[in-house]
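Asker: below is the sequence, then the predicted model.
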Amino acid sequence: MYSCSHLAHEIVHILVTCLSQYCGWCFQGAEIHFKLQQRDGSSLSPDTQLTVYTTRPDTLFGATYMVVAPEHPLITQGLATGGQEAAVAEDVSAALHKSERERSELQKDKTGVFTGSCAINPATGEPIPIWVADYVLGSYGSGAIMAVPGHDSRDFEFAQKFGLDIKQVVAPAGGDPSGNGTSSSGSSSSGEVPYCDEGVAVASSSGSSGLDINGMPTAAAKDKVIAWLEEQGIGSRQVNYKLRDWLFARQRYWGEPFPLIYPEGGDGSAVAVPEDQLPLQLPETDRFKPSGTPESPLAVIDSWVNTTDPATGGPARRETSTMPQWAGSCWYYLRFIDPANPAALVDKQKEQYWMPVDLYVGGAEHAVLHLLYARFWHKVLYDLGVVSTKEPFGRLVSQGMILGEVEYSYTVTPDGQPCSEDHEHAETIRVSESDVDKKGDGYVLKSDPSIRVHARAHKMSKSRGNVVNPDDVVTEFGGDSLRLYEMFMGPLRDTKVWSTRGVEGVHRFLARVYRAFESGVTDVEPSREQLRLLHATIKRVTVETEELRFNTAIAAMMEFINGVYKWDNRPRAALEPFVLLLSPYAPHLAEELWSRLGHPQTLAYEPWPECDELLLVVDTINLPVQVNGKMRGTVEVSVSADQPAAVEAAMGLNSVKKFTDGKEIKKVIYVPGKILNLIVPGK
């Protein structure tokens, strides 16, 4: 069990870890109010403003147009003018028939219409056109953006398509800050645009507005612009959060049905099924196909759908959508504590004993999926008094992705000439590892060393054909080899590259373990050196396993087996504990060895070996001995041996006597624990 202080530390850790994952939804920037340029015939009030939210207020000087979402309220209030009304209405109608995902797709063709209205850039005092486009979403920020095509890829594509101005107002740090920042071709004297990273402000000064951020790094420029906006009363610092709606309904048969009914003749409001009628069970049916309507297959099962209103006894219909898999997985850890309780979700005493969950292991994507939803669910249960902890999980570990085998390739032109990957008509030629040679930091083709070969590992996918089927690995090498290799590949949290040759290496190690026991285990007492190696291994494997550093724990076990092969015997007392250390990593082999050691029962219930720290204390060392600076052997001495004792022990070595007999030792150089050097006259 965790101590209170340790638990508090881990919960802080999981919150910080989650925050780092959620930061993609947390945006720090500024809200800016743009005045609209007055135009004849406009129905908008003279004091109408267009408010935008931006994470890059430092690029205000580069805003050359604005875009409002099709659902922006100003659209219906007369923003379209100057004969653009019909075109805007048509564009808005088309956009509203698309989903948010379709509209935010980066690769889609950009569409939009000029509204006929303009806003005034507060930094420059210049009018900039206002467009309506579907790539701006009404659900994010204010539903309007200041477009900075010099520093945003989508704005850049839009500006190029419709011939809008492009200004560069940020340059890479250390670059040339000269130039006026304007480019109609997509580039400027300060570098290529769109330049979407941070840097230093350029072409960002105006005498009329009094704002000057030229030469300032991005962070400082942001702060200065926000301070200026607040001073002018036309903006303020703001943090926005973006969280996609969590759709908690599925139109399918499987899944928990919602315990809701809709009384006929009512106002359409749902009524909860009484608790004594819970849980609501799905009807038994063989009709799983879609109903032909947006409703789920349950909608056509009249005997189940048609029910009565528990309050009035009148007719009613059940909700036919079912819950997604999240409905169970969000709180399964609580039900595991008390799975057979018919009266409550979980017994309070059991929940207080077991919660929070000690360790949550999941991929990085879980932070914004299951982990997030489970935390939502748990916090609701905490507010209801069902659980006693604010957070469900005490520690979070996100394991890294395993990439496919390294792929080797080079690129050629259509006529077969080697070329760079950036060539317009480059074709990729895949080659095997046996066809390449290592040269410096890269690879070249064996048959033609002038051709540079690219070596990359990619995410496993069926389309690339690089998926590794675990069943095939188990068939060839066994389940223990697969399990052990996955843990030996590298740190748990790192992205790692799969290598079948690596599995072969681990498989050979397990074979060595088996042979170490096969040669015969005896009941002789182990020596102190044998016990020291065992207990040093126990300590390392225990610590590394608890810290989830499985690869280094396996390395420690490999070192132990290397040591065993140097022993003259195989003492049972020194080998049995090793089998217990191996068991979480290679359970099948460990059980086999445990049985061969004469144990009729499984090792699953055996206590974990404990390290005896006293056995780790080193009493003696092997001291290197030199004669006239040349190594002549080593001698075992006490770690506290003084110079006379070290010399006496060294003189007992034949290899030392050979060079010192009959000679006077002129000088002794002794570094305790390090080296002994005897200086004698030459011949």
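Answerer: Cool, the structure landed. Please read these numbers as outputs of a predicted model, since none were measured by experiment.

Asker: when you work out contacts or count neighbours from here on, use the C-alpha atoms and nothing else.
Answerer: Fine.

Asker: distance of N622 relative to D441?
Answerer: Note on N622: its distance to D441, by Cα to Cα, to the nearest Å, is 40 Å.

Asker: so those two - more neighbours on which side?
Answerer: Per other Cα atoms under 10 Å, whichever of N622 and D441 has more neighbours is N622, with 15 against 5.

Asker: residues contacting that one?
Answerer: T634, V635, E636, V637 (Cα atoms under 8 Å, 6 or more residues apart in numbering).

Asker: any idea of the pLDDT on it?
Answerer: pLDDT recorded at N622 is 89.

Asker: for S184, same thing?
Answerer: On pLDDT, S184 comes in at 48.

Asker: do L15 as well
Answerer: Predicted confidence (pLDDT) for L15: 51.

Asker: same check on W567?
Answerer: For W567, the predicted pLDDT is 94.

Asker: equivalent analysis for D435, please.
Answerer: 89.

Asker: once you drop chain neighbours, what's closest to it?
Answerer: K446 (5.7 Å; Cα to Cα, 6 or more residues apart in numbering).

Asker: residues touching the one you found, list them.
Answerer: If you count contacts by Cα under 8 Å, 6+ apart, then K446 has D435, V436, D437 around it.

Asker: now, which of these lie within strands?
Answerer: Among the contacts of K446, the members found in strands (DSSP state E) are V436, D437.

Asker: buried ones only from the contacts of K446, please, as a PyMOL command.
Answerer: Entered in PyMOL, the line below selects the buried ones among the contacts of K446, by 16 or more other Cα atoms under 10 Å:
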select buried, resi 436+437
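
Asker: now the contacts of K446 in CSV, with distance to P584?
Answerer: Below are these laid out as CSV (distance: Cα to Cα, whole Å):
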residue, distance to P584
D435, 39
V436, 39
D437, 39
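
Asker: wait, which of the contacts of N622 is closest to L575?
Answerer: E636 (25.8 Å; Cα to Cα).

Asker: ok, of the contacts of N622, which come out buried?
Answerer: Buried members of those, scored by 16+ other Cα under 10 Å, are T634, V635, V637.

Asker: find the least confident helix or strand in this protein, judged by mean pLDDT.
Answerer: When the helices and strands of the chain are scored by mean pLDDT, DSSP states H and E, strand 187-188 comes last with a mean of 39.

Asker: among the buried ones among the contacts of N622, which ones are in strands?
Answerer: Checked against DSSP E, these include these in strands: T634, V635, V637.

Asker: in JSON lines, list the residues you listed along with distance to I429 and pLDDT.
Answerer: Listed next are these as JSON lines, based on distance: Cα to Cα, whole Å; pLDDT from 0 to 100:
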{"residue": "T634", "distance to I429": "57", "pLDDT": "93"}
{"residue": "V635", "distance to I429": "60", "pLDDT": "91"}
{"residue": "V637", "distance to I429": "63", "pLDDT": "89"}
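
Asker: what about L678, which SS state?
Answerer: strand (DSSP: H, G, I helix; E, B strand; the rest coil).

Asker: and the gap between it and S655?
Answerer: Applying Cα to Cα to L678 and S655 gives a distance of 13 Å.

Asker: quick one on the thing from earlier: can you tell me which of the buried ones among the contacts of N622 is nearest P274?
Answerer: Of the buried ones among the contacts of N622, the one sitting nearest to P274 (Cα to Cα) turns out to be V637, at 82.8 Å.

Asker: that older thread, closest to R508 out of the contacts of N622?
Answerer: T634 (33.2 Å).

Asker: how near is the nearest residue to V387 once chain neighbours are set aside to Y332?
Answerer: Distances taken as Cα to Cα, 6+ apart put L381 closest to V387, at 6.0 Å, once the chain neighbours are dropped. As judged by Cα to Cα, L381 and Y332 stand 13 Å apart.

Asker: kindly report the same for D612.
Answerer: In terms of Cα to Cα, D612 sits 40 Å off from Y332.

Asker: and the helices in the stretch 151-300 of the chain, which stretches?
Answerer: For the stretch 151-300 of the chain, applying DSSP state H, counting those that start in this stretch gives helices covering 153-162, 218-232.

Asker: using TSV, lay out these together with distance to P644, mean pLDDT and mean neighbour count.
Answerer: Converted to TSV, those look like this (distance: least, Cα to Cα, whole Å; pLDDT from 0 to 100; neighbours: other Cα atoms under 10 Å):
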stretch	distance to P644	mean pLDDT	mean neighbour count
helix 153-162	78	93	18
helix 218-232	68	96	18
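
Asker: just put those helices in JSON lines and tack on distance to V132.
Answerer: Formatted as JSON lines, the helices of the stretch 151-300 of the chain follow (distance: least, Cα to Cα, whole Å):
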{"stretch": "helix 153-162", "distance to V132": "11"}
{"stretch": "helix 218-232", "distance to V132": "25"}
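
Asker: compare these and give me the one nearest E256.
Answerer: Nearest of the helices of the stretch 151-300 of the chain to E256, taken as Cα to Cα: helix 153-162 at 41.5 Å.

Asker: point out where the stretch 151-300 of the chain drops to low pLDDT.
Answerer: Within the stretch 151-300 of the chain, the ranges that satisfy pLDDT under 70 run 175-191, 242-246, 291.

Asker: now do 80
Answerer: 174-192, 240-250, 287-295 (pLDDT under 80).

Asker: quick one: the strands in it?
Answerer: 166-167, 170-171, 182-183, 187-188, 191-192, 200-201, 235-241, 260-263, 271-272 (DSSP state E, counting those that start in this stretch).

Asker: kindly report the same for the stretch 301-450 of the chain.
Answerer: Under DSSP E, counting those that start in this stretch, the stretch 301-450 of the chain gives strands at 306-308, 315-318, 360-361, 396-397, 402-403, 407-412, 427-431, 436-439, 442-445, 448-456.

Asker: got TSV for those, with distance to S481 too?
Answerer: Shown next, in TSV, are the strands of the stretch 301-450 of the chain (distance: least, Cα to Cα, whole Å):
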stretch	distance to S481
strand 306-308	56
strand 315-318	52
strand 360-361	22
strand 396-397	24
strand 402-403	16
strand 407-412	23
strand 427-431	28
strand 436-439	28
strand 442-445	30
strand 448-456	25
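
Asker: of all these, which one is nearest G268?
Answerer: Using Cα to Cα, the strands of the stretch 301-450 of the chain put strand 315-318 closest to G268, at 10.6 Å.

Asker: what sits up against that closest one?
Answerer: Counting by Cα under 8 Å, 6+ apart, P259, L260, I261, Y262, P263, E264, W304, V305, N306, T307, T308, D309 sit against strand 315-318.

Asker: how much space between the first one and R632?
Answerer: So that's P259. Taking Cα to Cα, one finds P259 at 86 Å from R632.

Asker: ok, now the third one?
Answerer: Distance from I261 to R632, counting by Cα to Cα: 93 Å.

Asker: quick one, which of the two is more surrounded?
Answerer: Applying other Cα under 10 Å to I261 and R632 shows that I261 carries more neighbours, namely 24 against 19.

Asker: pretty sure S638 is in contact with A649, am I right?
Answerer: No: in this structure, S638 is not within contact of A649 by Cα atoms under 8 Å, at 10.2 Å.

Asker: coming back round to it: return the closest of the contacts of K446 with respect to M557.
Answerer: D437 (33.4 Å).

Asker: which ones are touching the closest one?
Answerer: Neighbouring residues of D437 by Cα under 8 Å, 6+ apart: Y443, V444, L445, K446.

Asker: need the max-distance pair from the contacts of N622.
Answerer: Among these, T634 and V637 lie farthest apart (Cα to Cα), at 9.5 Å.

Asker: can you pull the residues that touch both of those two?
Answerer: Between them, T634 and V637 share the contacting residues N622, L623, judged by Cα under 8 Å, 6+ apart.

Asker: count the residues that sit near K667.
Answerer: 12.

Asker: T660 too?
Answerer: Residues lying near T660 (other Cα under 10 Å) number 18.

Asker: right, I'll call it a day here.
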